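K.L.:
3D model of this:
(2 chains)
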Number of protein chains: 2
Amino acid sequence: MHDQPNPERILQTGMAFWASKTLLSAIEMGVFTELARGAEPFDSLRGRLGLHPRSARDFLDALVALGFLQRTGDRYANTPETDLFLDRKKPSYLGGFLEMANHRLYPFWGHLTEALRTGAPQNEAKGGGPGLFEMLYAEPARLKEFLAAMTGVSHVANMRIARAFPWKDYRTFADVGTAQGDLAAQIALANPHLRGVGFDLTEVGPIFEEYIAGVGVADRLTFVAGDFFTQDLPKSDVILMGHILHDWDLPTKKMLVRKAFDAVPAGGAFVVYEAIIDDDRSKNAFGLMMSLNMLIETPAGFDYTGADCQAWMKEAGFSTTRVEPLVGPDSMVVGIK
Amino acid sequence: MHDQPNPERILQTGMAFWASKTLLSAIEMGVFTELARGAEPFDSLRGRLGLHPRSARDFLDALVALGFLQRTGDRYANTPETDLFLDRKKPSYLGGFLEMANHRLYPFWGHLTEALRTGAPQNEAKGGGPGLFEMLYAEPARLKEFLAAMTGVSHVANMRIARAFPWKDYRTFADVGTAQGDLAAQIALANPHLRGVGFDLTEVGPIFEEYIAGVGVADRLTFVAGDFFTQDLPKSDVILMGHILHDWDLPTKKMLVRKAFDAVPAGGAFVVYEAIIDDDRSKNAFGLMMSLNMLIETPAGFDYTGADCQAWMKEAGFSTTRVEPLVGPDSMVVGIK
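P.N.:
Numbers count the residues shown, from 1 in each chain, chains lettered A, B, ... in the order given. Next up, the predicted model:
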């Protein structure tokens, strides 16, 4: 029986959107933020969350069975993980990306087949609407949500980069496309000798400054407003780009790698990181699906392997390059000038 | 580090709809049916599937990384599992439920939060449309797809029931809500001494008879048209109901259990099976989410524990009852009169 083909994984993966939506709706309804105040019996929790009686128990018990809540007698409580990462009131909250996934990506991915057939985005830009970035930057609340989402998807890797990279060899850095600035903040926190710049479009400035002040590293980090399509990057010992290159087509990717090369001194470094695909393109499923997400979200963006990125770096003039795994699906590619 | 809370499972589950949709789109586009003819190089496969060049490789390589395709050099091939279960031309095809999940359940589950707040279905019935079953039975093509979907979700458990139940003690059975009749067919195949009835609404008749003839057991199986709301169930030694009770509210569930009791002789058996929830309601996540699916799909249906079902059986007069796990999330509950 054990050697027989078994359909279990096919059915599990095909229906995995049930578990996604159960968790995403729980985040949307504030289940974990509510329970961060303490364990709560069913009736009061149901009332507070505004759950209709019909399926409230199934919903909460599904979260128990999925491992995101604990239940003792009639009382529900967060797990250590959901209490730390899904309580909106904690600085460790990582739900931003999942909030965006819930109300934007989930419905847009419903049109994946059309995207695969046409090569065209399936988000707000569909049918001639504005592009993703135009749409985001046009409205402050939406921009802030998107930037918080980017922090959510990158925070754990940001902390890793702040420790894994040989920062003692450098004095300054610039994080290009910095968003809220969590990568810059984590690097500054872990390396008191460094001064850094967060580089992004003007609209991002106040959101960056609020976030950086909250982390308590505003004295060593500066926001520089700019557009990497029309301007040079700020000169610094290290240039970083996290979840930036995958948004764009190949000529734009290479242009950005060249601008990074121009911005660092001899011996300086360029650090690219995101869900870098393994060179064989057969293991990092999340990275490959992130590339499909770029199909859904952008006109020509795509993710790429470590070998791809190292080739672009070499072409721009970097003398040595390497790929280092970070955490989960993320790796960083480092080029030394 | 290992004892620190880690957000990996939260992010994986929250984004699991990417993997679902990648697989579901592959089934929709016939990737596995195409490759069942043999391994194929990228260019010809891309052309045959009608994939736009932009993301074709990412899509196919994501299927490799998820374990649903294999790639050797430039040639893609099915895995043993996808070849057996996802080739539409094989009788072992299980993709019916996933096809329905792709074009109905995925978008409907996008409204889970609203369903949880209102207790109201989110399918075609939303906003006063016809109910699920009215909608299905009104159009033969849709009905056939739905009935094939039910075969897909139950086939492996059907084969198990055909072997695990002590059929040698009985001579006749009736499968109530038989759909295509796969459960009846599997029981008849594995137990040549049995004669059986498939009981369902009139519209199902031709679909049942086509399926049963295909399996080659038409000589021992008969279709009986009927409505379990208004008619008695066919008398037989064993009555079976698979994925039936969860569609309905509690009074209807109990009415159906009582009708099963009335239909079997002393010593006869009633077999209920579906994704029966564990009595502690903390382990069978799929069963609990299936109950949320009943929220999405029906006005008052819900899934239930083995203890719940045994209590209804006892109340109807069955003298002994037991719960037996079948396969994956499915169990059967057996009552003996």
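
K.L.:
From here on, just use CA atoms for contacts and neighbour counts.
P.N.:
OK.

K.L.:
so what pLDDT did A:Val153 get?
P.N.:
The score at A:Val153 is 81. That number is its pLDDT.

K.L.:
Could you double-check that it lies in contact with A:Phe97?
P.N.:
Yes - taking contacts as Cα atoms under 8 Å, A:Val153 lies within contact range of A:Phe97: 5.8 Å.

K.L.:
who's more crowded, these two?
P.N.:
When neighbours are counted by other Cα atoms under 10 Å in any protein chain shown, A:Val153 and A:Phe97 differ, and A:Phe97 comes out ahead with 22 against 18.

K.L.:
Contacts only, for that one.
P.N.:
A:146, A:148-153 (Cα atoms under 8 Å, 6 or more residues apart in numbering or on different chains).

K.L.:
Doesn't it belong to a helix?
P.N.:
Yes - with DSSP: H, G, I helix; E, B strand; the rest coil as the criterion, A:Phe97 is part of a helix.

K.L.:
so what's it scoring on pLDDT?
P.N.:
Reported pLDDT for A:Phe97: 89.

K.L.:
The nearest residue to it once chain neighbours are set aside: what's it in contact with?
P.N.:
Nearest non-adjacent residue to A:Phe97, counting by Cα to Cα, 6 or more residues apart in numbering or on different chains: A:Ala149, 3.7 Å away. Going by Cα under 8 Å, 6+ apart, A:Ala149 touches A:94-100.

K.L.:
Remind me what the helix or strand of chain A with the lowest mean pLDDT packs against, helices and strands.
P.N.:
One helix or strand of chain A scores below all others by mean pLDDT, DSSP states H and E: helix A:132-137, with a mean of 82. Judged by 3 or more Cα pairs under 8 Å, 6 or more residues apart in numbering or on different chains; DSSP states H and E, the packing partners of helix A:132-137 are helix A:140-164.

K.L.:
Quick one: distance of the helix it packs on to the chain centre.
P.N.:
Computed by Cα atoms, centre = their mean, to the nearest Å, the chain-centroid distance of helix A:140-164 equals 6 Å.

K.L.:
Would you give the sheet partners of the next helix or strand after that helix, along with the direction of each?
P.N.:
As assigned by DSSP states H and E, the chain's next helix or strand after helix A:140-164 is strand A:172-176. Strand A:172-176 has the following sheet partners, assigned by DSSP bridges: strand A:195-200 (parallel), strand A:238-242 (parallel).

K.L.:
Now render those strands as CSV, adding mean neighbour count.
P.N.:
Listed next are those as CSV, based on neighbours: other Cα atoms under 10 Å in any protein chain shown:
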stretch, mean neighbour count
strand A:195-200, 24
strand A:238-242, 24
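
K.L.:
mind giving me TSV with those and columns for mean pLDDT and distance to B:Lys89?
P.N.:
Listed next are the strands paired with strand A:172-176 as TSV, based on pLDDT from 0 to 100; distance: least, Cα to Cα, whole Å:
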stretch	mean pLDDT	distance to B:Lys89
strand A:195-200	98	53
strand A:238-242	98	45
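
K.L.:
picking that back up, which of the contacts of A:Ala149 sits closest to A:Tyr170?
P.N.:
A:Leu94 (29.6 Å; Cα to Cα).

K.L.:
Next one, pLDDT for the closest one please.
P.N.:
We have a pLDDT of 87 for A:Leu94.

K.L.:
what's near enough to touch it?
P.N.:
A:85-86, A:149, A:151-153, A:155.

K.L.:
interface residues of the stretch 101-250 of chain A facing chain B?
P.N.:
Within the stretch 101-250 of chain A, the residues that sit near chain B (Cα under 8 Å from any Cα of the partner chain) are A:101, A:106-107, A:109-110, A:112-113, A:116-119.

K.L.:
All the strands of chain A, residue numbers only.
P.N.:
Secondary structure of chain A by DSSP state E: the strands cover A:40-41, A:69-72, A:75-78, A:172-176, A:195-200, A:221-225, A:238-242, A:269-274, A:320-327, A:330-336.

K.L.:
Tabulate those (JSON lines), appending distance to B:Lys314.
P.N.:
Putting those into JSON lines (distance: least, Cα to Cα, whole Å) gives the following:
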{"stretch": "strand A:40-41", "distance to B:Lys314": "31"}
{"stretch": "strand A:69-72", "distance to B:Lys314": "29"}
{"stretch": "strand A:75-78", "distance to B:Lys314": "30"}
{"stretch": "strand A:172-176", "distance to B:Lys314": "68"}
{"stretch": "strand A:195-200", "distance to B:Lys314": "68"}
{"stretch": "strand A:221-225", "distance to B:Lys314": "71"}
{"stretch": "strand A:238-242", "distance to B:Lys314": "62"}
{"stretch": "strand A:269-274", "distance to B:Lys314": "58"}
{"stretch": "strand A:320-327", "distance to B:Lys314": "53"}
{"stretch": "strand A:330-336", "distance to B:Lys314": "55"}
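
K.L.:
For chain B, see how far away A:Ala275 is.
P.N.:
A:Ala275 sits 13 Å away from chain B, taking Cα to the nearest Cα, to the nearest Å as the criterion.
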